[in-house]
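Participant: Predicted structure and sequence below. I'll ask about it afterward.
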Amino acid sequence: MTYIKFDRSKLTPFIAENELNEIQWQVTAADELLRSGKGAGADYLGWIDLPEDYDKEEFARIQAAAEKIASNSEILVVLGIGGSYLGARAANDFLNTTFSNYQTREERKAPLVMYAGNSISSNYLADLVDFVADKDFSVNVISKSGTTTEPAIAFRVFEELLVKKYGRDGANARIYATTDKEKGAVKVGADANGWETFVVPDSVGGRFSVLTPVGLLPIAAAGHDIKKLMEGANQARKDYSVSADVRENDAYAYAALRNILYRKGKFSEILVNYEPTLQYFGEWWKQLAGESEGKDQKGIYPNSANFSTDLHSIGQSIQDGSRNLFETVVRVDKPRKNITIPSLDADLDGLAYIQGKDVDFVNKKASDGVLLAHTDGNVPNMIVTLPAQDEFSLGYAIYFFELAIGISGYLNGINPFNQPGVESYKANMFGLLGKPGYEELTKELEARL
Ligand SMILES: O=P(O)(O)OC[C@H]1O[C@](O)(CO)[C@@H](O)[C@@H]1O
């Protein structure tokens, strides 16, 4: 029994017990590939032992930097995209109170963490500049390459704003750079200006990097306990390294079952939550699964949904539409807070039968009802239950999904640790922007538009 619960009991109409036995040899082979470092993409396996083998000196510097940011900044602007931002955003949204963005600095007890460099929207960037301009702020630029267009544009904008506001030296003291240990534009800037620097390890790809400084500094800056986060991940590391048997290893069982479903035509997986604070966990997971598995013209297409909200929009399609879906439901056992449904004398809304009950009771009953309805509608469901909405549970869940996706990719015969497909749009964008070196592509693309 592990700390988070994995429940596959509702898969019986879709998968027979022997199927799990029969895929075991493939899971054992995938485990062997992953742990021996003999599989494709083996240069990027640093995340496996990271919760134990992280740089303790750097960890202490992250905690000290978070304290410094708290002492001189109302806001920390985090610049990054994809794996250089989604993990931090998922963690902070999950761990913050829902309306922390609207609290005062005193109420929040930590700086407000805001995100930019994750789109190319001029509205978003200009609005954020207007919002922070008259407040004390610091910047954490996060980019392994240092040349990703979105964060690079945003960094130019916020660096200029910092220099205008605090002067060059003042700005330098407020820039925290999380980047490659020796190369790239951000590293060059950091060396020239003396910015405090944290390292994105070579052996950890962006989508697996939330437990490196990439995620840890923004999470610590938001006032959360990154030690507990690492402890949760480390517990998962230990629990899921004991056995490769799918009956003993839930992360491996999840990887195996989603592949069995995929091979039966269930091409799309929806990561479902019943907590709005898990929305970005879904976004983080989509990159983890999508960038890892969607290649060589195959792989599960990852989606996410926020229930019960989305039951009133895409719920119809999940229940009755194309039958190529399955769902993995992420539940939180104990909510951070609960609230009672008020009792009224008149029963105009017909809620008398649940008045006096708490809202989470209703949420759980709704999710049980959906589970059965979707199962009856031929949508297989698995459930991952986190005991609480805290750092330890989150760290544990992060590791569960990272490990499962690594194994799952090997089960489907691909390299789970590269992302060649992401470059195609970039090349076209560079061509159309007239980037030096792309002249031929520019001509070709302009003729096609
Ligand atoms: O940290 P960088 O180099 O800016 O890259 C950001 C993201 O861009 C990608 O390379 C493509 O989306 C991701 O793999 C990565 O998480």
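Facilitator: In hand now; what should we look at? Residues are numbered from 1 along each chain as shown.
Participant: tell me which element the residue nearest the centre of the chain is part of?
Facilitator: Note on the chain: the residue nearest the mean C-alpha position is W284, at 2.2 Å, using C-alpha atoms, centre = their mean. Taking DSSP states H and E as the definition, one finds W284 inside helix 279-293.
Participant: ok now that helix, how far from the chain's centre?
Facilitator: Distance, stretch centre to chain centre, for helix 279-293: 6 Å (C-alpha atoms, centre = their mean, to the nearest Å).
Participant: What is the following helix or strand past it packed up against?
Facilitator: Towards the C-terminus, the helix or strand next in line after helix 279-293, according to DSSP H and E, is strand 301-306. Helices and strands in packing contact with strand 301-306 are listed as strand 268-273, helix 279-293; criterion 3 or more C-beta pairs under 8 Å, 6 or more residues apart in numbering; DSSP states H and E. Just so you know, the C-beta spots here come from the backbone N, C-alpha and C atoms, and that holds for glycine as well.
Participant: From the ligand, how far off is G377?
Facilitator: Distance of G377 to the ligand, computed by C-beta to the nearest ligand atom, to the nearest Å: 34 Å.
Participant: picking that back up, next, format the helices and strands packed on strand 301-306 as CSV and append mean pLDDT and distance to the ligand.
Facilitator: Formatted as CSV, these follow (pLDDT from 0 to 100; distance: least, C-beta to the nearest ligand atom, whole Å):
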stretch, mean pLDDT, distance to the ligand
strand 268-273, 98, 18
helix 279-293, 98, 6
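Participant: if we can go back for a sec, give the other helices and strands that the helix holding W284 contacts.
Facilitator: Counting contacts by 3+ C-beta pairs under 8 Å, 6+ apart, helix 279-293 is packed against helix 86-95, strand 268-273, strand 301-306, helix 391-411.
Participant: can you pull out the strands in this structure?
Facilitator: Counting by DSSP state E, the chain forms strands over residues 5-7, 75-79, 112-116, 137-143, 175-179, 196-199, 268-273, 301-306, 325-334, 381-388, given from the N-terminal end onward.
Participant: and stretch 6-16, average pLDDT?
Facilitator: In this model, stretch 6-16 has a mean pLDDT of 97.
Participant: Report the closest residue of this structure relative to the ligand.
Facilitator: Distance from the ligand to each residue of the chain (C-beta to the nearest ligand atom) is smallest for G206, at 2.4 Å.
Participant: still on that earlier bit, residues in contact with the residue nearest to the centre of the chain?
Facilitator: L86, G87, R89, A90, V210 (C-beta atoms under 8 Å, 6 or more residues apart in numbering).
Participant: how about 7 Å then?
Facilitator: Applying C-beta atoms under 7 Å, 6 or more residues apart in numbering to W284 gives the contacts L86, G87, A90.
Participant: my guess is the last one meets Q279, correct?
Facilitator: No: using C-beta atoms under 7 Å, A90 is not in contact with Q279; the gap is 8.5 Å.
Participant: Which one's more surrounded, those two?
Facilitator: In terms of neighbours (other C-beta atoms under 10 Å), A90 is the more surrounded of A90 and Q279; the figures are 26 against 17.
Participant: Give me the pLDDT for the more buried one.
Facilitator: The predicted structure scores A90 at 98 on the pLDDT scale.
Participant: got it, and L161?
Facilitator: So L161 comes in at 98 (pLDDT).
Participant: For it, which non-adjacent residue is spatially closest?
Facilitator: Taking C-beta to C-beta, 6 or more residues apart in numbering, and ignoring the residues beside it in sequence, L161 has V129 as its nearest neighbour in space, at 6.1 Å.
Participant: And the one you found, how far from S119?
Facilitator: Computed as C-beta to C-beta, to the nearest Å, the V129 to S119 distance reads 14 Å.
Participant: For Q26, grab the count of nearby residues.
Facilitator: Residues near Q26, counting by other C-beta under 10 Å: 17.
Participant: quick one: terminal-to-terminal distance for stretch 287-302?
Facilitator: Criterion C-alpha to C-alpha, to the nearest Å; first-to-last residue distance in stretch 287-302 is 8 Å.
Participant: Return the set of buried residues in it.
Facilitator: Buried residues in stretch 287-302, counting neighbours by 16 or more other C-beta atoms under 10 Å, are found at 287-295, 299-302.
Participant: hang on, the earlier thing: compute the inter-axis angle for the helix holding W284 and strand 301-306.
Facilitator: 180 degrees (axes from the mean of the first three to the mean of the last three C-alpha atoms, to 10 degrees).
Participant: now helix 279-293 and helix 86-95, what's the angle there?
Facilitator: Relative orientation of helix 279-293 versus helix 86-95 (the same axes, to 10 degrees): 150 degrees.
Participant: quick check: angle from helix 279-293 to helix 391-411?
Facilitator: Interaxial angle of helix 279-293 relative to helix 391-411 (the same axes, to 10 degrees): 20 degrees.
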